[in-house]
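Visitor: Provided below are the primary sequence and the corresponding predicted coordinates.
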Amino acid sequence: MGDWAEHKDPKTGKTYFYNKVTKSTQWSRPAEMDGGAAPAAAGDLATNPAYWATGSDPKTGRTYYYNKKTKQTSWKRPECMGPDPNAGAAKQSPANKPAASSDPNDMANWREATDEKSGKPYWYNKVTKKTTWKNPFVAAGVAASASPVAKPAAKADPQPTVNSSDGDSGNSSNMMKLKQAYNANELAEEKQKLDDDEDADEEHEFTFAKHRKGWFNRTFRMGNIHDEQQLLTFKKSLIKKALLKQNRDLDAEAVQAFKNVMSYMGDRKSSKSPIDHAKKMIRNLMQAPAALRDEVYMQLCKQTTNNPRDVSTIKGWELMVFCIATFPPSKHLKGFLLDYIKKTIEENQKLIANDNNDKIRENHKKIKALAEVCSKQIPKIVLMGQRKEVPSKQELECLMENKYVPIRVNLCNGTFKTFMVDPYTLNKEVEEMLVQKYNLTCFAPFALYEQAEANQEKILDPKDRVLDVVASWENSPLMEEVVDKKVKYERKTKFDQHKDANKKVDIKRWEFKSFLYKAKLVLKTSNKELMKDPEAVNLIYVQAVSDVVTNRYPSNEKDITVLAALQLQATFGDYKKEVHGPGWLAPKIHEFIPKHLISQKGKIEDRLVKEWEVKILAKYQKVADFTSLDAKLNYLDYVQEWTFYGATFFTVEQRQFKDYPSPLTLGINCEGVLLMHPEKKTVLENYHFTDIVTWGHSDEKFIVVVGNIVQQRKLIFKTTDGKHKNHLIHDYVKFKVKSKE
């Protein structure tokens with residue numbers, strides 16, 4: 001068998017042959033393996049075409065030739081390789097370049113180019129817009145390669161450093177030495193990648209559907225077919241079918257999308273507002289195949305080309321901005337779209353410079369500004385992918401004016417910070433802004449939440465886009481579908497074995513409507529990292545006050561009196577008889593104690609207000625001389641003695657504790673996991689982290705194993721928040737371990 005070895009192509013399963021000496025591969029079985037002569041003697045390596053391969057210089061795009069055995073390189077094609085199969089598609093000077101033909105089958109329409117990323121040559125048809133890695137001239141029989149050798153791997157083809165001479169530079173001292181070819185496995189892997197690239201390219205062919213003018217011509221397929229220029233020019237009437245050939249099975253959807261485009265641009269009468277049309281179109285496209293999104297991008301290019309009305313053109317570019325803020329164009333369309341946007345910017349820049357009409361100049365400035373936004377944001381949306389939510393009206397209105405969207409993030413005491421964001425801002429980036437605003441050094445315990453009424457919050461995924469959260473508050477119908485599914489699931493999966501199995505499950509649909517920044521890990525004042533950051537201590541204190549005043553933490557009369565006095569000391573300083581007399585606290589007493597303590601049947605009673613004021617002011621006098629920080633730390637020291645202090649509460653269903661209700665409340669804090677009665681708010685079970693052997697979750701369950709090495713018990717709870725609980729315990733344990741180091 002000599003130097004040849006037999007291998008299988010992992011993609012096709014076909015057998016190919018690899019020469020261990022020359023590093024060449026081929027599909028046909030070499031004669032040498034059957035006892036024939038070797039393909040070339042060692043002395044004939046320089047003239048053996050089997051040892052020569054082509055490469056592309058990344059700087060100039062020019063093709064060079066190198067010998068895999070002798071390491072020789074040359075700009076000139078070796079005679080042993082025969083005629084150049086790419087000669088018909090080679091780049092020519094403008095004077096000699098053949099004119100493009102409207103016939104898509106005319107070979108003169110093909111041009112050769114070099115892929116900047118891989119350095120590989122590819123071919124592009126100016127009429128059909130089709131691109132391919134395969135040489136169309138070879139396929140058409142214009143030229144043929146005499147070598148049966150499979151294409152060489154392009155994974156790490158060395159590039160020559162040469163002077164400007166076109167002569168043979170094989171012996172030049174400027175030639176860099178070429179690396180040795182890869183082994184058989186590497187060649188096979190690289191061939192697989194090249195084949196995959198070719199397949200992907202074939203799947204994204206870019207061709208227009210055949211459009212004719214008039215019903216008769218369309219019905220009987222007669223008359224002239226619209227060329228690219230006609231198809232991509234503004235049309236004041238509806239299209240009859242999809243613009244792109246690959247979307248012909250989506251004709252109805254394409255026409256409906258075009259209606260929405262025309263309605264938003266003001267070229268079609270409608271009773272709906274433009275924003276409503278935009279939201280409807282975007283909602284449909286987010287749920288549609290990617291091909292339809294490309295179709296709409298092409299429709300927008302069409303309707304903003306040679307549009308006689310500047311106002312309509314501006315609206316078209318607004319819609320383009322909306323789409324780019326929501327979903328990306330396909331990889332194939334991306335290049336075309338960027339070229340179109342670049343051309344629009346250049347054309348409007350010229351019009352701005354040459355037009356003397358101020359109003360027209362302003363219109364072109366607006367178009368140019370919107371196009372520039374599109375140019376900058378396409379790489380972002382391609383990288384991040386499609387949004388989860390249809391943009392809110394507020395977001396669309398800001399995008400129309402090329403402005404950032406303001407969002408407000410509250411603390412637990414009602415104070416807030418405002419931030420400016422765009423469609424690509426992530427929740428974690430907002431958290432980073434908050435860390436800077438509050439000058440935090442101990443920021444790991446804090447997170448961004450969305451908030452509803454009655455102490456209902458939901459932690460946000462740092463990787464999600466913040467404006468998707470805002471949009472979800474407005475897009476309630478979409479959320480209701482999810483909630484309906486959750487209701488049906490929870491009713492279906494009730495624990496029939498439990499005594500409360502037949503009890504009606506009442507699931508309230510919370511309406512989230514604001515952002516909240518709070519501690520997801522409520523650490524105690526014994527934590528050294530927390531105590532080094534006064535700002536973090538203040539945020540923990542503010543959260544503790546809120547939890548007490550809103551009755552999230554149940555407390556008795558004695559606790560409330562002491563805590564209210566400490567809160568007054570932290571807020572107003574020392575007690576002053578001439579200032580803090582009777583009636584001073586009454587108007588704001590609800591900020592210091594739970595509202596239910598001064599209410600009867602939901603109505604505030606003056607008698608109860610006066611009684612509580614007297615008790616609190618008496619205690620206030622006894623905490624004098626505390627600094628604001630000391631008062632806050634004393635407040636925290638007091639509440640952190642409660643078993644349930646700092647707990648994040650979840651509603652779960654259970655069936656293992658026959659004497660406990662289901663659902664019940666599961667809490668997780670810095671000490672461990674506890675179970676509470678949902679109505680009485682009494683602690684039923686309390687498991688410290690030292691009692692927890694392990695924990696885990698699935699989409700439907702949260703599991704905690706408690707006990708020790710000898711005896712263990714697995715507790716299983718039905719819940720849809722298992723992932724959050726799992727991460728919460730993990731983060732608390734991480735902090736506890738870190739604090740002991």
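Guide: Done, it's in.
Visitor: Name the residues of stretch 650-670 that are buried.
Guide: 650, 652-655, 660-670 (16 or more other C-beta atoms under 10 Å). Every C-beta, even on glycine, is put in place using the N, C-alpha and C of the backbone.
Visitor: of these, closest to Asn686?
Guide: Nearest to Asn686 among those: Gly667, at 9.3 Å, using C-beta to C-beta.
Visitor: how would you label that closest one: helix, strand or coil?
Guide: The local conformation at Gly667, judged by DSSP: H, G, I helix; E, B strand; the rest coil, is strand.
Visitor: got the contact list for it?
Guide: Contact partners of Gly667, counting by C-beta atoms under 8 Å, 6 or more residues apart in numbering, are Phe644, Ala647, Thr648, Phe649, Phe650, Val673, Leu674, Leu675, Met676.
Visitor: which ones among these are found in strands?
Guide: Counting by DSSP state E, the contacts of Gly667 place Thr648, Phe649, Phe650, Val673, Leu674, Leu675, Met676 in strands.
Visitor: and the two most separated of the residues you listed?
Guide: Distance extremes for those: the farthest pair is Thr648 and Leu675 at 13.6 Å, using C-beta to C-beta.
Visitor: on that earlier part again, any chance of the contacts of Gly667 in TSV, with distance to Trp110 and pLDDT too?
Guide: Below are the contacts of Gly667 laid out as TSV (distance: C-beta to C-beta, whole Å; pLDDT from 0 to 100):
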residue	distance to Trp110	pLDDT
Phe644	74	85
Ala647	70	88
Thr648	64	88
Phe649	68	88
Phe650	64	88
Val673	69	92
Leu674	73	92
Leu675	73	92
Met676	74	89
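Visitor: Pick the one among the residues you listed closest to Asp464.
Guide: Relative to Asp464, the closest of the contacts of Gly667 is Thr648; by C-beta to C-beta it sits at 19.4 Å.
Visitor: pretty sure the closest one contacts Ala519?
Guide: No - the criterion here is C-beta atoms under 8 Å, and Thr648 misses it with Ala519 at 9.6 Å.
Visitor: Please report phi then psi for Ser330.
Guide: Main-chain dihedrals, Ser330, degrees, to the nearest 10: phi -70, psi 160.
Visitor: wait, isn't it in contact with Ala290?
Guide: Yes - with contacts counted by C-beta under 8 Å, Ser330 reaches Ala290, the gap being 5.8 Å.
Visitor: The two: which has the busier surroundings?
Guide: Ser330 (17 against 14; other C-beta atoms under 10 Å).
Visitor: Quick check: closest non-adjacent residue to that one.
Guide: Asp294 (5.3 Å; C-beta to C-beta, 6 or more residues apart in numbering).
Visitor: what kind of secondary structure is the one you found in?
Guide: Assignment for Asp294 (three-state DSSP): helix.
Visitor: Neighbours of it, how many?
Guide: The local packing of Asp294 (other C-beta under 10 Å) involves 24 other residues.
Visitor: got the contact list for it?
Guide: By C-beta under 8 Å, 6+ apart, the contact list for Asp294 reads Leu244, Asn247, Pro329, Ser330, His332, Leu333.
Visitor: just checking, the second one touches Arg293?
Guide: No - the criterion here is C-beta under 8 Å, and Asn247 misses it with Arg293 at 10.2 Å.
Visitor: Which of these two has more residues huddled nearby?
Guide: Shown here are Asn247 and Arg293; by other C-beta under 10 Å, Arg293 has more neighbours (22 against 19).
Visitor: any idea how far that one lies from Gly335?
Guide: 16 Å (C-beta to C-beta, to the nearest Å).
Visitor: same question, Thr627
Guide: 64 Å.
Visitor: And the residue nearest the centre of the chain?
Guide: Centroid-nearest residue in the chain: Met384, 3.5 Å away (criterion: C-alpha atoms, centre = their mean).
Visitor: Quick check, it in contact with Thr425.
Guide: No - checked against C-beta under 8 Å, the pair Met384 and Thr425 is beyond contact range at 10.5 Å.
Visitor: which strands and helices sit next to the strand or helix carrying Met320?
Guide: Per DSSP states H and E, Met320 falls inside helix 310-324. With contacts taken as 3 or more C-beta pairs under 8 Å, 6 or more residues apart in numbering; DSSP states H and E, helix 310-324 sits against helix 251-265, helix 274-286, helix 290-303, helix 358-384, helix 393-400.
Visitor: Please render those helices as CSV that adds mean pLDDT and distance to Lys458 to the earlier fields.
Guide: Below are these laid out as CSV (pLDDT from 0 to 100; distance: least, C-beta to C-beta, whole Å):
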stretch, mean pLDDT, distance to Lys458
helix 251-265, 89, 33
helix 274-286, 90, 22
helix 290-303, 89, 30
helix 358-384, 92, 22
helix 393-400, 94, 21
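Visitor: Tabulate these (TSV), appending distance to Leu715.
Guide: Shown next, in TSV, are those (distance: least, C-beta to C-beta, whole Å):
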stretch	distance to Leu715
helix 251-265	50
helix 274-286	40
helix 290-303	45
helix 358-384	39
helix 393-400	44
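Visitor: Which one, of those, ends up nearest to Gln567?
Guide: The nearest among those, by C-beta to C-beta, is helix 393-400 at 36.0 Å.
Visitor: Just checking: what are the partner strands of the following helix or strand past the closest one?
Guide: Toward the C-terminus, helix 393-400 is succeeded by strand 405-410 as the next helix or strand (DSSP H and E). Counting by DSSP bridges, the strands paired with strand 405-410 are strand 416-421 (antiparallel), strand 514-519 (parallel).
Visitor: in the last one, what's buried?
Guide: Within strand 514-519, the residues that qualify as buried are Ser514, Phe515, Leu516, Tyr517, Lys518, Ala519, counting by 16+ other C-beta under 10 Å.
Visitor: Next: stretch 705-721.
Guide: Under 16+ other C-beta under 10 Å, the buried positions of stretch 705-721 are Val706, Leu715, Ile716, Phe717, Lys718, Thr719, Asp721.
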